[in-house]
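Asks: Okay, here's the prediction I keep looking at, along with the sequence it came from:
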Protein chains: 2
Amino acid sequence: MSTAPAPARRPRRHDPGRRERLVATALDVIADVGVTAATHRAIARAADVPLGSLTYHFSSLDELHAAAFTRHVDEVAPRFDELMRAAAGVGEALEALVGHLTGDLLGSDRDLVLAVELYVAAARRPALRAVTQDWMQRSRRSLERHFDPVTARELDALVEGLVLHSALSTDPMDAGQIRSAVHRFAR
Amino acid sequence: MSTAPAPARRPRRHDPGRRERLVATALDVIADVGVTAATHRAIARAADVPLGSLTYHFSSLDELHAAAFTRHVDEVAPRFDELMRAAAGVGEALEALVGHLTGDLLGSDRDLVLAVELYVAAARRPALRAVTQDWMQRSRRSLERHFDPVTARELDALVEGLVLHSALSTDPMDAGQIRSAVHRFAR
DNA sequence: CCCCGATGCGTACGCTCGTCCGCATGAACT
DNA sequence: AGTTCATGCGGACGAGCGTACGCATCGGGG
């Protein structure tokens, strides 16, 4: 019976790497509630830091959002490139694509939601548009390991459509159908 | 020199069909500034009606947004179906699709923006999700006039991807490339 | 050992938002 | 003509927002 009730102390002085942690938390919040609801306060609450900490580390909310999405792209794009690099030929590349779509992406809602959130946010905010374009470009580069540039771009568009379609539809396409669609580009 | 300055009178008593006009204006505002910025006040300003008029005609902002998107789908879906109905065979259907993508859609930013806005809004709001799914279903039905259901669904996804891709990319695909992509589904 | 600048903390300000409510008005029906 | 009621109007309220700012704290260089 030392101190009074004391509503949960927070002795977190000197917290190195807090900036990094804030970016990661921001990404989680965006995936949870959408980019427009990912406010300073929501992110601060999720990261268990005071509100002022956010404006200290990031000069604006926009900058924080951009940092979060950039981090996401920097994590996802290399993974995809690795997938393409590992494929031996066109056949394996297509099959890797099918696996990526049915497993990695559509399996976990998180990446799917983040992709759509980025699409929509980019439509209105120039800073995020650059991030989106960077992502598209890197995807195409990865595909060009096995496909000519024209086919790569078409495949990229198809993948984008499949992702969106699956995110919004109640009865998503099964693996067989996705395989069928992807293999149309086996030229 | 009759009356004082009088800051722009608004004598609009008894305005039948105002509800309709509000829906149309809401759609314009959404296309202009995005669904998250399409607030009661923004729409009221654009339609030149007092703020209270909106809550009188629509029980919530969500309902107004849903009404706007529903109206858009009810205008766009029949147009697309007409396009498919007019095509004589698979070849003409594919070519009509190419024309639709390069002309109607990508030509005017408006429909493109509205499509993306609906995608993103639907991801978070169940009421809008129903509208999106209705749209997808009607698109597929139209395509099934010429393609088997499996192909129709794949084509639908491709179209969605092409739309998104074109909306967000600075150097959109040209007509030839779109034609090439669409014709992969000429089975 | 001391100080000082980087970092953390809490709060306040000004703004916009969705929604609500009391009153005014005039078309339609008796 | 009189009454009623759907419709229009404008202001108000409370909540949540982004951002700014003054003070507290502490690690590391002198």
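Replies: Ah, there it is. Residues are numbered from 1 along each chain as shown, chains lettered A, B, ... in the order given.
Asks: residue in chain A nearest to DNA strand C?
Replies: With CB to the nearest atom of the strand, the shortest gap between chain A and DNA strand C falls at A:Gly52, namely 2.2 Å. Bear in mind the C-beta positions are built from the backbone N, C-alpha and C, glycine included.
Asks: how about that residue, phi and psi?
Replies: Note on A:Gly52: its backbone torsions stand at phi -60, psi -20 [degrees, to the nearest 10].
Asks: tell me, how many neighbours does it end up with?
Replies: Neighbourhood size, A:Gly52 [other CB atoms under 10 Å in any protein chain shown]: 10.
Asks: what stretches of chain A score poorly on pLDDT?
Replies: A:1-13, A:104-107, A:187 (pLDDT under 70).
Asks: Show residues contacting stretch A:177-187.
Replies: A:90-91, A:94-95, A:97-98, A:101-102, A:147, A:151, A:154-155, A:158, A:162, A:173, B:150, B:153-154, B:157-158, B:184-185 (CB atoms under 8 Å, 6 or more residues apart in numbering or on different chains).
Asks: Quick check: residues of chain A near DNA strand D?
Replies: Residues of chain A found near DNA strand D (CB under 7 Å from any atom of the strand) are A:13-14, A:37, A:39-42, A:51-52, A:54-56, A:59-62.
Asks: And these, which of them are buried?
Replies: Using 16 or more other CB atoms under 10 Å in any protein chain shown as the burial test, the residues of chain A next to DNA strand D include A:40, A:42, A:54 as buried.
Asks: Can you add distance to chain B and give the residues you listed back as CSV?
Replies: Formatted as CSV, those follow (distance: CB to the nearest CB, whole Å):
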residue, distance to chain B
A:His40, 16
A:Ala42, 14
A:Leu54, 20
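Asks: Looking at those, spot the one nearest DNA strand D.
Replies: Using CB to the nearest atom of the strand, A:His40 comes nearest to DNA strand D of those, at 3.4 Å.
Asks: and the lengthiest helix in chain A, what does it pack onto?
Replies: Ranked by number of residues, the top helix in chain A under DSSP state H is helix A:61-86. If contacts are counted by 3 or more CB pairs under 8 Å, 6 or more residues apart in numbering or on different chains; DSSP states H and E, helix A:61-86 sits against helix A:18-33, helix A:90-99, helix A:109-124, helix A:126-143.
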